[in-house]
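Participant: give me a 3D structure for the following:
(chains A and B)
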Amino acid sequence: AQSVTQLGSHVSVSEGALVLLRCNYSSSVPPYLFWYVQYPNQGLQLLLKYTTGATLVKGINGFEAEFKKSETSFHLTKPSAHMSDAAEYFCAVSETGNQFYFGTGTSLTVIP
Amino acid sequence: GAGVSQSPSNKVTEKGKDVELRCDPISGHTALYWYRQSLGQGLEFLIYFQGNSAPDKSGLPSDRFSAERTGGSVSTLTIQRTQQEDSAVYLCASHLPGTGYGYTFGSGTRLTVV
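Facilitator: Numbers count the residues shown, from 1 in each chain, chains lettered A, B, ... in the order given. Below you'll find the predicted structure:
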């Protein structure tokens, strides 16, 4: 069965500090993995995705994520947080590239 | 259209009334999903359409909730006899299966039951 676990429902970082949002998945086959971002009062936007190929994936706004099969992880990172990064972040997994399963989300707060 | 369009963006209704929420997906996207997001909560899957059929309705929380999709395009989520616990943001997403692309989400409908 497919599932996603996001450790830490709330993460706070100082402006300019490293952002690390954790995502672990469960899948019986090589998965498709996605990160979405949701700004206040908006829908979800695709941040980045892993389908096949290079395990380090770069997304928008300086974010990147690394697919680590041995750890069943797809953690999201950004070297230097910006105030505009404050949002809700969702990790999602799919075995088929069709129906996706979402984590419960991590709320990122950036402290000036 | 260029994106997924949801209407209305906000809806306030009295307890016990019926409401209809509309989703207009990206043209050509055969798959359509409805999710519910309660305050401070994650995404709760409601229903999935492939074309006009709904292979997975497992997330509908009660028989007061129903959804349909006509012409493989627009979908309507109907909530009958609304209750206060139905207050949430209802998100719609569309997708073209087999492409490896993710879902495209609409901006949601914020439903408040008073």
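
Participant: pLDDT value on residue 84, please?
Facilitator: I went with chain A, as the question did not name one. pLDDT, A:Ser84: 95.

Participant: my question was about chain B
Facilitator: 96.

Participant: now the closest residue to B:Pro8 other than its chain neighbours: phi and psi?
Facilitator: Once flanking residues are discounted, B:Pro8 sits nearest to B:Thr109: 6.0 Å by CB to CB, 6 or more residues apart in numbering or on different chains. C-beta: built from backbone N, CA, C; applies to glycine. Note on B:Thr109: backbone dihedrals following degrees, to the nearest 10 are phi -120, psi 120.

Participant: now do B:Thr109 against A:Ser3, distance only.
Facilitator: Using CB to CB, to the nearest Å, we find B:Thr109 at a distance of 27 Å from A:Ser3.

Participant: tell me which of these two has more neighbours.
Facilitator: Neighbour tally, B:Thr109 and A:Ser3, criterion other CB atoms under 10 Å in any protein chain shown: the higher count belongs to B:Thr109, 22 against 12.

Participant: and the more buried one, what are its bridge partners?
Facilitator: B:Tyr90 (DSSP bridges).

Participant: mind listing what it touches?
Facilitator: B:Thr109 is in contact with B:Gln6, B:Ser7, B:Pro8, B:Ser9, B:Asn10, B:Lys11, B:Leu21, B:Val89, B:Tyr90, counting by CB atoms under 8 Å, 6 or more residues apart in numbering or on different chains.

Participant: how close does the fourth one sit to chain A?
Facilitator: With distances taken as CB to the nearest CB, to the nearest Å, B:Ser9 is found 9 Å from chain A.

Participant: quick one: that residue and B:Leu111 touch, right?
Facilitator: No: at 10.6 Å, B:Ser9 and B:Leu111 do not qualify as touching, with contact defined as CB atoms under 8 Å.

Participant: give me the more crowded residue out of these two.
Facilitator: B:Leu111 (21 against 13).

Participant: could you list the buried residues of stretch A:4-14?
Facilitator: A:Val4, A:Gln6, A:Val11, A:Val13 (16 or more other CB atoms under 10 Å in any protein chain shown).

Participant: tell me which of these is nearest to chain B?
Facilitator: Nearest to chain B among the buried residues of stretch A:4-14: A:Gln6, at 8.4 Å, using CB to the nearest CB.

Participant: list the contacts of the nearest residue to that closest one once chain neighbours are set aside.
Facilitator: Excluding the flanking residues, the one nearest A:Gln6 by CB to CB, 6+ apart is A:Gly103, at 3.7 Å. Taking CB under 8 Å, 6+ apart, we find A:Gly103 in contact with A:Val4, A:Thr5, A:Gln6, A:Cys23, A:Phe90, A:Cys91, A:Ala92, B:Gly42.

Participant: tell me if I'm right that the fifth one and B:Tyr35 touch.
Facilitator: In this case it means A:Phe90. No: with contact defined as CB under 8 Å, A:Phe90 does not reach B:Tyr35; the gap is 10.4 Å.

Participant: center of chain A - which residue?
Facilitator: By CA atoms, centre = their mean, chain A has its centre lying nearest to A:Trp35, at 3.8 Å.
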